[in-house]
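> Give me a model of this one.
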Amino acid sequence: MTDPYEHLLGVRTPMFRAALEQELAALQATVDDDGRGAELPDGMRVGFDNLARVAAQCEDYAELRDVLHEHFRIMTSGRAQEELSPDETRAALRVRLVLEDSTLTMDGSLVREFAPGARAVLAIDLPETLYYPPSRAAINLDASVDELWQIGLDNTWRELAECDVTHQRHGGVHVLESESFCTTGIVYFLDRVMPGLLGVDFGESRALLFSVPDRHTVVLCPIDTMDEVMAAVRLAVPWTWERFEHEPGGVSPLTYVWDDHGIAPFASLEEHDGTARIVVQMPAHFDERFRSE
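Got it, this is the predicted structure:
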């Protein structure tokens, strides 16, 4: 069976697997049949997708071993959140977007679909990591589930408002980036972000093309004409796919459309016989809307 990370790691694949095997053996973890995750004896799930992206940037085996060792040390120490007071827990709650097929095992009340292929999760921001509580009972705070989500969103906005969010424009494509692991939370505050950064109100354009390729990046493309749609697709889709494939913290390789019908997948990059091409999924209502120009 071909290794699922060979396309990303190439000749580094055996090195990655050897280092990973040693770390997992020390944790007594059981690797999944597809080679993309494992389960610890206490039921905790770990995924390898982000690790593979990091491994692709390591210079040698020693560096790779150090990276993996530190990753698993931080991950397994995340349970230190149990020592937080209710006030500390309240201040640490965040909302983050993750890949839909993430290996996270969480209570359904702590996970909400944001868009096809991407979901929002409640997380606790610890000094070295974001901890994902597996159940409502693991959150030491007297509040309803809806209140927890609101607290997490409020904290996420405060973090984003205080951190340095960079803005680059490439034609009609706007790229927002920051060091925050919750940068993708920007999508919940477009009514606040877009007027100041993009000079346009959210909902003012006919539609918005957007993507969240990784945890540090949001791509926004307000569109009013079919020419703007095609120009945004040509720029945003390949760039989104590249970021998702190679940057740690991948969220979604898709480019979405957001209008008064909601959020739907719009375009992606697909490979056929070694050739990559852009595939557009034009919603019927969207096509009709722009054909009337």
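> Which parts of this structure are strands?
30-31, 37-39, 45-47, 93-99, 111-115, 118-125, 130-131, 166-170, 173-177, 207-211, 217-223, 255-259, 262-272, 275-280 (DSSP state E).
> What lies in contact with the second one?
Right, the one you point to is strand 37-39. For strand 37-39, contacts defined as C-beta atoms under 8 Å, 6 or more residues apart in numbering pick out Leu24, Ala29, Thr30, Val31, Asp32, Arg45, Val46, Gly47, Phe48, Thr103. The C-beta positions use only the backbone N, C-alpha and C, and glycine is treated the same way.
> how near is Trp124 to Ala161?
Careful, residue 124 is Ile and not Trp. Per C-beta to C-beta, to the nearest Å, Ile124 is found 20 Å from Ala161.
> For burial, what's the neighbour tally of His7?
12 (other C-beta atoms under 10 Å).
> of Ile124 and Ala161, who's got more company?
Neighbours per residue, other C-beta under 10 Å: of Ile124 and Ala161, the larger number sits with Ile124, 24 against 11.
> And for Ala231, the neighbour number?
17.
> ok, back up a step: what about the strands of the chain, which gets the closest to Glu147?
strand 93-99 (10.1 Å; C-beta to C-beta).
> ok, and what's touching the closest one?
Contacts of strand 93-99 (C-beta under 8 Å, 6+ apart): 49, 104, 114, 117-125, 130, 139, 141, 148-149, 151-153, 155-156, 159, 181-182, 184-185, 187-188, 212, 215, 250-252.
> Neighbouring strands of it in the sheet, and parallel or not?
Paired neighbours of strand 93-99 in the sheet (DSSP bridges): strand 118-125 (antiparallel).
> what comes into contact with the partner strand?
81, 84, 89, 92-100, 102, 104, 106, 110-114, 130-133, 139, 148-149, 152, 155, 159, 181-182, 212, 251-252, 254.
> Now do Met106, the pLDDT please.
Per-residue pLDDT puts Met106 at 59.
> Relative to Pro222, how far out is the residue nearest the centre of the chain?
For the chain, Val251 is the residue whose C-alpha lies nearest the centre (C-alpha atoms, centre = their mean; 2.7 Å). Distance from Val251 to Pro222, counting by C-beta to C-beta: 21 Å.
> Quick one: end-to-end length of stretch 29-45, please.
9 Å (C-alpha to C-alpha, to the nearest Å).
> Helices along the stretch 101-250 of the chain, start to end?
145-162, 190-197, 226-246 (DSSP state H, counting those that start in this stretch).
> between the ones you listed, which one is nearest to His7?
helix 226-246 (8.3 Å).
> for the closest one, which positions count as buried?
By neighbour count on 16 or more other C-beta atoms under 10 Å, the buried set for helix 226-246 is 228-229, 231-233, 235-237, 239-241, 243-245.
> Taking strand 217-223 as reference, get the angle to it.
170 degrees (axes from the mean of the first three to the mean of the last three C-alpha atoms, to 10 degrees).
> Outside of helix 226-246 itself, list whatever touches it.
8, 53, 56, 170-173, 209, 211, 213-214, 217, 219, 221, 223, 250-255, 266-269, 276, 278, 280, 290-291, 293.
> same deal with stretch 4-24?
Contacts for stretch 4-24 (C-beta under 8 Å, 6+ apart): 3, 31, 34-36, 38, 48, 51-53, 55-56, 58, 61, 64-65, 68-69, 72, 245-246.
> thinking again about what came up before, could you dump the helices of the stretch 101-250 of the chain to a markdown table with mean pLDDT and distance to Thr76?
Formatted as a markdown table, the helices of the stretch 101-250 of the chain follow (pLDDT from 0 to 100; distance: least, C-beta to C-beta, whole Å):
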| stretch | mean pLDDT | distance to Thr76 |
| --- | --- | --- |
| helix 145-162 | 95 | 23 |
| helix 190-197 | 90 | 35 |
| helix 226-246 | 90 | 26 |
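> Nearest to Asp259 among those helices would be which one?
helix 226-246 (11.6 Å).
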